Every structure is written in C-alpha cells, then in structure tokens.
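got a predicted model here, sequence first, then my questions.
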Amino acid sequence: MSEATPARTLVLVKPDGIARGLVGEVISRLEAKGLRLVAADLRTLTAEVAETHYAEHRERPFFASLVEFITSGPLMALVVEGPRAIEAFRALAGATDPVQAGPGTIRGDFALEVQNNIVHGSDSPESAAREIALFFPDLG
Ligand code: RTP
Ligand code: MG
C-alpha cells in the first residue's frame, strides 16, 4: 500500500466524451493507474451549476460557449480517490489544448479542439473540495 494520504478529485467526462462513448475508456485509464472510484453519476447540468463550477472563467471570452457546451447533454461526474489524485488525473488528461496534449493522454489520444477536450479534473485541493461539494453534497 502507498504511504501517501489519499486525496480526492472531481473528474467529469464532458458531453463530448459521452457522445463519443468514452466513459469506459476514461474509467479504465484511471482505474489502471490505481485511482479508485468513490462516486459516479450521469447527469445534465443546469446553467446555474455550470456557471458555479466554472466561476473562475466568468470573465473569459469563451465562458458563454463553455457553459453552453457543458450543459449540452449528459456528462458523467466522478469522484476519484488515491495518492496525489488531483495531479495524477491531470497527468492522465493531458494539456487543456488537445493538440498540445501528449500521445498517451486522454486529450492527446481522443480530442482536437480546446473546448471539446473530453474530460475535466480539479486543479487544486481547494478546487477539488469546492467541486466535490457542488456535485456530490451528500459525500462525507
Ligand atoms: P478543466 O477545468 O475542464 O479540467 O480544464 P483545464 O483546467 O485543463 O482548463 P481551464 O483553463 O480550466 O479551462 C476550462 C475549460 O474551458 C474550455 N476552454 N475553452 N475556447 C478556449 O480558448 C477555451 N479555453 C478553455 C475547455 O473545455 C477547458 O477544459
Ligand atoms: Mg480547469
């Protein structure tokens, strides 16, 4: 067993990932890495939840498009646990821009457009706590 304290992160398989049938691929990769599923739910976000989730981007030019995209269909929300889970999943996801993401990463292998980049992963312990509470308020 690892000596590191388990951490949790919020992973989303975004609507493009659902439409392309990549939920199993994403879960297989994070499980193969050694991360563990704690919660999973297929749901379509309201604009309010999407705007709260991406509040840090509210002033960015792509914000309206991002909210439209992330609410365009169902997504799979996952809570994932393991040693350095936040960093570990972001390494599996690859760079935000899939063209810059290396081969072998989820975005590098499956996407071409910066917005439609298949997955989300929390970017810090503070973000993970906030996002997990937003998506899974009953999770202890
Ligand atoms: P995420 O939050 O979804 O895990 O992605 P990230 O940390 O790698 O990237 P972030 O900068 O937080 O951007 C959030 C999401 O917004 C979309 N995006 N579009 N059109 C654009 O220039 C642009 N830039 C970012 C992507 O869906 C990105 O994942
Ligand atoms: Mg982000």
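On my side now, so go ahead. Numbering: from 1, shown residues only. Ligands and ions are numbered 1, 2, ... in the order given.

can you pull out the helices in this protein?
With helices called from DSSP state H, the chain shows them at 15-19, 23-33, 47-53, 63-70, 85-93, 106-110, 125-135.

and of those, who's closest to V79?
helix 125-135 (5.7 Å; C-beta to C-beta). Using the backbone N, CA and C atoms, a C-beta is placed for each residue, glycine as well.

who are the packing partners of that closest one?
strand 6-13, helix 47-53, strand 75-83 (3 or more C-beta pairs under 8 Å, 6 or more residues apart in numbering; DSSP states H and E).

could you pull out the buried residues of the longest one?
By 16 or more other C-beta atoms under 10 Å, the buried positions in strand 75-83 come out as L75, M76, A77, L78, V79, V80, G82.

same question, stretch 17-34
G17, I18, L22, V23, V26, I27, R29, L30.

for that stretch, give me every contacting residue.
Contact with stretch 17-34 is made by 11, 13, 37, 42, 73-76, 78, 80, 82-83, 88-89, 92, 106, 110, 118-119, as judged by C-beta atoms under 8 Å, 6 or more residues apart in numbering.

what sits against P137?
P137 touches nothing, counting by C-beta under 8 Å, 6+ apart.

what do you get for N117?
K14, D16, A93, T96, D97, P98, A101, R107, A111.

are any of those residues buried, and which?
Using 16+ other C-beta under 10 Å, the buried members of the contacts of N117 are K14, D16, A93, P98, A101, R107, A111.

residues near the closest residue to the second one other than its chain neighbours, how many?
Closest residue to D16 in three dimensions, ignoring its sequence neighbours and counting by C-beta to C-beta, 6 or more residues apart in numbering: N116, at 4.3 Å. As a burial measure, the neighbour count of N116 was computed by other C-beta atoms under 10 Å and equals 18.

and N116, its phi and psi?
phi -90, psi 70 (degrees, to the nearest 10).
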